[in-house]
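Trainee: Return a 3D structure for these sequence lines:
(chains A and B)
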Amino acid sequence: MLQNQIKEEKSLLQRGWWLILLIVLSLIVPFIITEFYLTILCEALVMSLLALSFNLLFGYMGQLSFGQAAFYGLGGYTVAMLMTKAQFNFWLSLIAGPVLAAIIGLIVGFFCVRLRGIYFAILTLAFGELIFFIVFKWHNFTGGDDGIQGVFPPEFLKSLISYYYFILIVFLLSAFILWKIIHSPFGQTIISMRENSERTEFLGINIARYQLIAFVIAAAFAGLAGAIWVPFYRSVAPSYLTWIKSGEPVMAAILGGPSLFFGPILGMFIMTFFHAWVLGFTVYWPVVMGALILVVIFFLPGGILGFIHEKVNQRRERLNQLMEK
Amino acid sequence: MFLQTQGITKEFGKLRAVNNVTLEIKKGDIHAIIGPNGAGKSTYFNLVTGYHRATSGKVLFRDKEITNLPAYSRCNLGITRSFQITSIYPKLTVYESVLMGLLSHRKVTLNFFSSAKKFFKEEVWRTLEDVGLADQANTLGDSISHGDKKRLELAITLGTEPELLCLDEPTCGMSPEETDIAMSLIKKFSEERGLTILFTEHDMSVVFGIAKRISVLHQGTLIADGTPQEVRASEEVQKVYLGGSA
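Mentor: Numbering: from 1, shown residues only, chains lettered A, B, ... in the order given. This is a model prediction of the structure:
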């Protein structure tokens, strides 16, 4: 037992150093890269938050939500409408975004958590499209396909660098909270549901209730991602809520590795930067992305980070065996 | 009264799998349900644990009607079960699996910010040592042997600190040595933890080895209920087991 504890602590330290390195790097990066790439980095961070919220359901609870962008869009629209139409304060609007997303998540989730597997996925897709169509068609209220323009952050956040730091702080805090949730007893419960929902139910867990809680948490963080993105982009459009947008966190998770916390983040970073880079040569981005996903699915079934993780573990085991000899 | 079923019946379409069974399970007993294949043992079991709902009749636990309660509520009242086809967590470690039962039973599953690994260390290790799986604590559920999986499921269910433990074919697929170990474990838990055990079993040596009370089902109907000696002496039981379905 003691030996295992020592091993655990050691791996925590090993895990720690590259994380600290990444955070330090993210603090100094605005002074190294160009404005273009800093903008892309902001997008990658916001989309990574969306991917993390999605992966709470997909990677940890084992249910594929195909309507996550609806909550992202709702968060964005809440901020845009409160600020431009009701002249709300920026910070209050920012809080209202995830709150509204969570409330709608509660209503949508109430129906979705009764189903599992493909039916859950289809129902989330249907609800996502329903919310999209309401936003898209309700011209008087939401601006319809024009969207809403002129959403400005407060003066001190107007520069690219200051808003980058703002996004970074929100992202790090949210990622930390999600990490805590996943490693908490609640997290252990949804992981157990993924592994064997029948066994878990027969240990006294009301499966639908826990699915609903996870669904609301995921909706809130997706809403938060949308809420911080819109003032950065100064506008919001109905395309934020479409199923195509919902597909992005799905692809990011598969690309990076859904079984690891940092998998979807890596996936989203690759997708966002690759996208920006490929657009310099060709407009056929989906073809390139499709090929990339195919390669990962066929050759790295656990995702890129999943593959690396497996290799590192195998190597460590081999080293341990050698040491024992 | 501990557990009682009153005239419980379950129909699947035209098939009456369990027919009007009235039966009492006393606290502290090791109670076996036996019968030929298709006798309705598993169905009866599923009616008690909430896997199926009864077509008619009542299930009472500590004088409270639980006939229509969902499985998780019954578990929270103190009824836990194992499955005939071993139901464990293949990709969780043995330690994490046992922890899950405790997290659920001690009502901490709505804690969002403490580390799950900090909870109930002592209890998990004690349970693992009791069932003899402590040295495999960090192994994944699907990498241990079949007999160990059965023991793991037992350890998971013990995590919920049940009052009534229902075991569906606890020695199914085990080697004779593994069967012996499992039987002595069941006996031990019944004595040490004051557990009431209800189990189905096809291996008669197991049944007559540890059961204090035996109920015999045949074609969904209860045909005998009593001590092992009484059941062994029953003519009807002998007819069912020796003379086919006459």
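
Trainee: Only C-alpha atoms from now on, for both contacts and neighbour counts.
Mentor: Will do.

Trainee: ok, now how distant is the residue nearest to residue B:219 when sequence neighbours are not counted from residue B:218?
Mentor: Spatial nearest neighbour of residue B:219, chain neighbours left out: residue B:39 (4.5 Å); criterion: C-alpha to C-alpha, 6 or more residues apart in numbering or on different chains. Using C-alpha to C-alpha, to the nearest Å, residue B:39 is found at 5 Å from residue B:218.

Trainee: These two: which is more packed in?
Mentor: residue B:218 (24 against 20; other C-alpha atoms under 10 Å in any protein chain shown).

Trainee: how close does that one sit to chain A?
Mentor: Noted for residue B:218: a distance of 27 Å to chain A, by C-alpha to the nearest C-alpha, to the nearest Å.

Trainee: List the residues that contact that residue.
Mentor: Going by C-alpha atoms under 8 Å, 6 or more residues apart in numbering or on different chains, residue B:218 touches B:35, B:36, B:39, B:40, B:240.

Trainee: which two from the residues you listed end up farthest apart in space?
Mentor: Distances among these were taken as C-alpha to C-alpha; the most separated pair is B:40 and B:240, at 14.1 Å.

Trainee: Could you list the residues of chain A in contact with chain B?
Mentor: Counting by C-alpha under 8 Å from any C-alpha of the partner chain, chain A comes close to chain B at A:177, A:180-181, A:183-189, A:192, A:195-196, A:199, A:201-206.

Trainee: circling back: what helix or strand does the residue nearest to residue B:219 sit in?
Mentor: Taking DSSP states H and E as the definition, one finds residue B:39 inside no helix or strand.

Trainee: Please tell me I have it right and it contacts residue B:217.
Mentor: Yes - the pair residue B:39 / residue B:217 is scored as a contact, 5.6 Å apart, by C-alpha atoms under 8 Å.

Trainee: Tell me which helix or strand the residue of chain B found nearest chain A sits in.
Mentor: Chain A sits closest to residue B:72 of chain B, with a gap of 3.9 Å, by C-alpha to the nearest C-alpha. For residue B:72, the host element (DSSP H and E) is helix B:71-77.

Trainee: so who does residue A:59 touch?
Mentor: Applying C-alpha under 8 Å, 6+ apart, the residues contacting residue A:59 are A:253, A:258, A:259, A:260.

Trainee: Residue A:49 reaches residue A:222, doesn't it?
Mentor: Yes - with contact defined as C-alpha under 8 Å, residue A:49 and residue A:222 form a contacting pair (7.0 Å).

Trainee: who's more crowded, these two?
Mentor: residue A:222 (33 against 29).

Trainee: Hmm, the more buried one is touching residue A:72, no?
Mentor: Yes - counting by C-alpha under 8 Å, residue A:72 is a contact partner of residue A:222 at 4.7 Å.

Trainee: what is in contact with the two at once?
Mentor: A:50, A:101.

Trainee: one step back: between residue B:40 and residue B:240, who's got more neighbours?
Mentor: residue B:40 (25 against 17).

Trainee: Correct me if wrong: the more buried one contacts residue B:216.
Mentor: No - contact criterion C-alpha under 8 Å: residue B:40 and residue B:216 do not qualify, at 9.9 Å.

Trainee: Identify the residue nearest whichever residue of the stretch 151-300 of chain A sits closest to chain B in space, chain neighbours excluded?
Mentor: The nearest approach of the stretch 151-300 of chain A to chain B comes at residue A:204, 3.9 Å away (C-alpha to the nearest C-alpha). Distances taken as C-alpha to C-alpha, 6+ apart put residue B:72 closest to residue A:204, at 3.9 Å, once the chain neighbours are dropped.

Trainee: do residue A:233 as well
Mentor: residue A:151 (8.0 Å).

Trainee: can you count the residues close to the one you found?
Mentor: Neighbours around residue A:151, by other C-alpha under 10 Å: 20.

Trainee: for it, helix, strand, or coil?
Mentor: Look at residue A:151: counting by DSSP: H, G, I helix; E, B strand; the rest coil, its state is coil.

Trainee: For residue B:4, which non-adjacent residue is spatially closest?
Mentor: The shortest distance from residue B:4 to any non-neighbouring residue, by C-alpha to C-alpha, 6+ apart, is to residue B:24 (4.4 Å).

Trainee: pLDDT wise, what is the one you found at?
Mentor: Among the per-residue scores, residue B:24 holds a pLDDT of 94.

Trainee: distance of it from residue B:58?
Mentor: Taking C-alpha to C-alpha, one finds residue B:24 at 12 Å from residue B:58.

Trainee: Compare neighbour counts for the two and give me the winner.
Mentor: residue B:58 (22 against 17).

Trainee: Name the spans of chain A whose pLDDT lies under the cut-off.
Mentor: A:1-15 (pLDDT under 70).

Trainee: Where do the strands of the stretch 201-325 of chain A begin and end?
Mentor: With strands called from DSSP state E, counting those that start in this stretch, the stretch 201-325 of chain A shows them at A:235-236.
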